[in-house]
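In: model this:
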Amino acid sequence: MNLSITGKNRSFAGRILMVGIFLCMLILPVQAQDKVTLSGYVTDDTNLPLIGASVLVKGTTEGAVTDVDGRYEMEVAPDAELEISYVGYKTQTVNVNNRSSINFVLEPDALMLQEVVAIGYGSQRKEDLSMAVSTMNVDESIKSRSSDLATVLQGRLPGVTVMQSGDPMSDATFSIRGRGSKGNDGDYESGSGVLIVVDGVPNAPYMVEDIESITILKDAASAAIYGASVGSAGVVLITTKKPEAGKVHVNVNASYGFENVTNLPDLLNAQQFCDVWAKAAENTPGASVPNLANPDVYSFANVTHTNWLDEIFRTGTKQHYALSVSGGG
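Out: Numbers count the residues shown, from 1 in each chain. Below is the predicted model:
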């Protein structure tokens, strides 16, 4: 009887052992998918390092950016697919294939140099320009969150500074070459401002939703085109979308947002205000605390009744609605 029970126990233990071995075999492929450290260099076709090149896992935002030596280092899956990109160069797609070191050589993108941009008196290819010009195409993702030109340009073009004043009723402004020499210190916008040209017409009205591309003329050559009195602070050339023959397009853009003041100063309360006056009077021979800050004279001197920052500022709302219809015969 005891031998029979022992045999059953051994048979049961053997089954448990076999199941454990089978589970371990299932776990091995999972462990093989653990991430590995991948490093290398990104250079151009002349072996010069590309600083700031993006090495990303394709379809994600995970990756790394090259340093001053063109080197990158990142954690990726052994079978990951990488996408290497840099402005002015062709994008590459490479499989890791369980490697720990990969160097990339990017080729210049000749098509970008062939791109035609507006320059005020016609159009030229980028590679033929000798003036400081920046251009950008306005896609739907940019227009959907912006109701003014300054917001569209913010952080997207070099040399363009966007400024938001403290007036909650005013829109953001931007400068390209700084304020003109005719301005005064009390009014930033009194100098020669940026000239906006819409489809060749200076200061013409426009809607952000209609913008197709923006070109910035940043150097003194812009003054030679439009005159020093209007173009000395830089020129923004806006090209709007053109209607297509036989097609009618209806575009609607609506947005609703909130605005709130940030970086408010830390003010003293009434008690702290009185303490500062008392300390100043103590350290100054012959000085005395004014009655307004002296609790012995004015009983409410050290009592805080109102937080004026809370009374002045509040959360505001901002709405933007745009409707356009275009078509051609």
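
In: Assess the claim that residue 325 and residue 252 are in contact.
Out: No. Using Cβ atoms under 8 Å, residue 325 makes no contact with residue 252, being 9.9 Å away. No exception for glycine: its C-beta is placed from N, CA and C like everyone else's.

In: Quick check: neighbours shared by the two?
Out: Taking Cβ atoms under 8 Å, 6 or more residues apart in numbering as the contact definition, residue 325 and residue 252 share no neighbouring residue.

In: Quick one: mean pLDDT over stretch 240-260.
Out: For stretch 240-260, mean pLDDT is 83.

In: go on, stretch 138-147?
Out: Here the average pLDDT along stretch 138-147 is 60.

In: What of stretch 208-228?
Out: Rounded mean pLDDT across stretch 208-228 is 74.

In: Can you give me the neighbour number for residue 317?
Out: Residues lying near residue 317 (other Cβ atoms under 10 Å) number 8.

In: Figure out the helix or strand that the nearest residue to it once chain neighbours are set aside lives in.
Out: Distance criterion Cβ to Cβ, 6 or more residues apart in numbering; nearest residue to residue 317, sequence neighbours excluded, is residue 258 at 6.0 Å. In this structure, residue 258 is located in strand 248-259 according to DSSP states H and E.

In: Now do the helices in the stretch 151-300 of the chain.
Out: 221-226, 228-231, 270-283 (DSSP state H, counting those that start in this stretch).

In: By mean pLDDT, which helix or strand of this structure comes out lowest?
Out: Sorting the helices and strands of the chain by mean pLDDT, DSSP states H and E puts strand 123-125 at the bottom, at a mean of 50.

In: now the chain, which segments are flagged as low pLDDT?
Out: 1-17, 19-33, 110-134, 139-147, 165-166, 168, 177-193, 219-232 (pLDDT under 70).

In: Try it again at 50.
Out: 1-7, 28-32, 121-122, 124, 126-130, 182-188, 190-191 (pLDDT under 50).

In: now do the same end-to-end measure for stretch 56-68.
Out: Start-to-end span of stretch 56-68 (Cα to Cα, to the nearest Å) is 18 Å.

In: cool, stretch 169-176 as well?
Out: End-to-end distance of stretch 169-176 (Cα to Cα): 23 Å.

In: I appreciate the help and will end here.
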